[in-house]
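In: Okay, sequence plus prediction incoming.
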Amino acid sequence: MVLRSYENGDATRPSVATLTSALSETCVDDSDRDANEAHTLHTAEASRPDAYGWTLREQHALEAAMRAQPVDCPSTTERWRAIAASVPGRSVRECVQRCRVIAAAVRAALPPPLLRLDADVLHGVLEWLDGRALCACACVCRELGSAAHADALWKSIVSALPATWANSQHVRGDEPLWRYCLRMREGLYGAWRKLTEHRAGKCPYLHEIGTVQRGKFVPHKRLNYKITYGAICELVQIQAQLQGGISHRTYKGVAEQLVSLSANGRTAIPPDLHMTVREIYKTCYPGYGAATGSGAFHSGVQAGGSSITAATSGSMLGKGLVTMTKKMEDEIMRARLETRHEFKNLIPH
């Protein structure tokens with residue numbers, strides 16, 4: 001204002017003290033205006049209710065009252081009455097419910113108890129887990145995945161691999177230790193897993209070419225003429241469960257199924273196809289199963305009618321039929337199940 005009067009010729013040239021005094025008054029007026037606006041905004045925010053109908057002023061009053069009333073009060077009821085008396089317009093029930101809502105929100109915002117541990121303590125807990133448990137732990141969240149993938153946790157697991165593959169830096173390169181360990185174990189023991197699943201009746205060889213639904217095999221597409229021994233054995237086992245035992249009808253049923261599911265589904269069934277199925281099954285389970293023309297098979301009786309005890313080790317056909325197989329080395333068993341047979345009759349023509 002002083003400068004404007006001087007520029008219009010209405011006043012003499014102002015001194016430095018006059019300019020400084022005028023500038024100070026202008027700054028004070030601006031500061032007061034900003035303070036008033038902030039106070040008005042804060043008052044509006046404090047009076048605005050949240051999703052539960054509580055304002056910020058009521059929340060502050062509740063917190064102050066809870067701090068003022070000791071937790072070790074002889075009477076809990078009297079304590080909450082005193083707290084509610086300090087919050088205008090709120091009853092004891094509303095104050096208790098408000099505290100429960102806040103406690104639930106705090107618990108939801110907190111990380112899981114395992115992630116609240118220090119890094120060293122968490123590492124000490126994870127050291128007790130094996131490889132399977134570490135993989136499951138790593139799938140929970142990103143934080144646990146980072147902790148479960150630490151190299152120190154996988155060194156003992158990698159050292160259990162064959163000496164040629166145990167933490168070979170030349171083979172591993174820059175690959176993380178946990179990923180290298182899982183890749184090596186899959187390559188070394190993946191085939192053994194299928195053998196274990198096969199013995200448990202889970203039909204892993206059939207699941208490679210189709211699905212098993214309610215005791216019925218459904219291929220993804222028309223069967224190829226090259227089929228593994230394991231898939232043939234699992235078809236025999238499924239057919240035996242449906243018939244309640246193994247007989248010549250079991251092998252004939254599998255032969256009919258192979259032809260109907262192949263590209264030559266409308267052709268006649270070769271008369272000797274069921275014999276091929278029988279020989280494949282007896283190759284994987286030597287001495288097991290009924291010969292063609294023999295009677296129905298039941299637990300404890302081998303082909304030819306020779307009686308054996310069913311209490312010896314080994315079981316087949318899952319829940320329905322428990323039998324005995326001749327002892328065979330696992331490696332031989334696995335190799336036979338992986339063998340592929342070429343059914344010339346199933347070649348498309």
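Out: Perfect, I can see it now. Residues are numbered from 1 along each chain as shown.
In: Provide the backbone phi and psi angles at residue 271.
Out: Backbone geometry at residue 271, expressed as degrees, to the nearest 10, gives phi -70, psi -20.
In: now do residue 155
Out: According to degrees, to the nearest 10, the main-chain angles of residue 155 amount to phi -60, psi -40.
In: So for the closest residue to residue 73 other than its chain neighbours, what's the pLDDT?
Out: Residue nearest to residue 73 in three dimensions, not counting chain neighbours: residue 79, with 4.0 Å by C-beta to C-beta, 6 or more residues apart in numbering. Quick note: C-beta positions are derived from backbone N, CA and C, even for glycine. As predicted, residue 79 sits at a pLDDT of 87.
In: what sits against residue 79?
Out: With contact set as C-beta atoms under 8 Å, 6 or more residues apart in numbering, residue 79 has these partners: 69-71, 73.
In: pLDDT weak spots in this protein?
Out: Along the chain, the model assigns pLDDT under 70 to residues 1-47, 164-170, 287-329, 349.
In: Could you double-check that residue 206 lies in contact with residue 236?
Out: No - contact criterion C-beta atoms under 8 Å: residue 206 and residue 236 do not qualify, at 11.2 Å.
In: so what does the helix or strand encompassing residue 107 touch, helix or strand wise?
Out: Using DSSP states H and E, residue 107 maps to helix 92-109. If you count contacts as 3 or more C-beta pairs under 8 Å, 6 or more residues apart in numbering; DSSP states H and E, helix 92-109 packs onto helix 56-68, helix 76-85.
In: What sits closest to residue 216 if chain neighbours are left out?
Out: residue 238 (7.7 Å).
In: Touching, that neighbour and residue 218? I think so.
Out: No - the criterion here is C-beta under 8 Å, and residue 238 misses it with residue 218 at 11.6 Å.
In: so what sits against both of the two?
Out: With C-beta under 8 Å, 6+ apart as the test, residue 238 and residue 218 both reach residue 212.
In: Those two - which one has more neighbours?
Out: Ranked by neighbour count (other C-beta atoms under 10 Å), residue 238 and residue 218 place residue 238 first, with 23 against 11.
In: Please report phi then psi for that one.
Out: Main-chain dihedrals, residue 238, degrees, to the nearest 10: phi -60, psi -40.
In: ok, now which ones touch it?
Out: For residue 238, the contacting residues are 203, 212, 215-217, by C-beta under 8 Å, 6+ apart.
In: about what we covered before: right, so of the helices and strands packed on helix 92-109, which gets closest to residue 147?
Out: Nearest to residue 147 among the helices and strands packed on helix 92-109 is helix 56-68; the distance by C-beta to C-beta comes to 35.7 Å.
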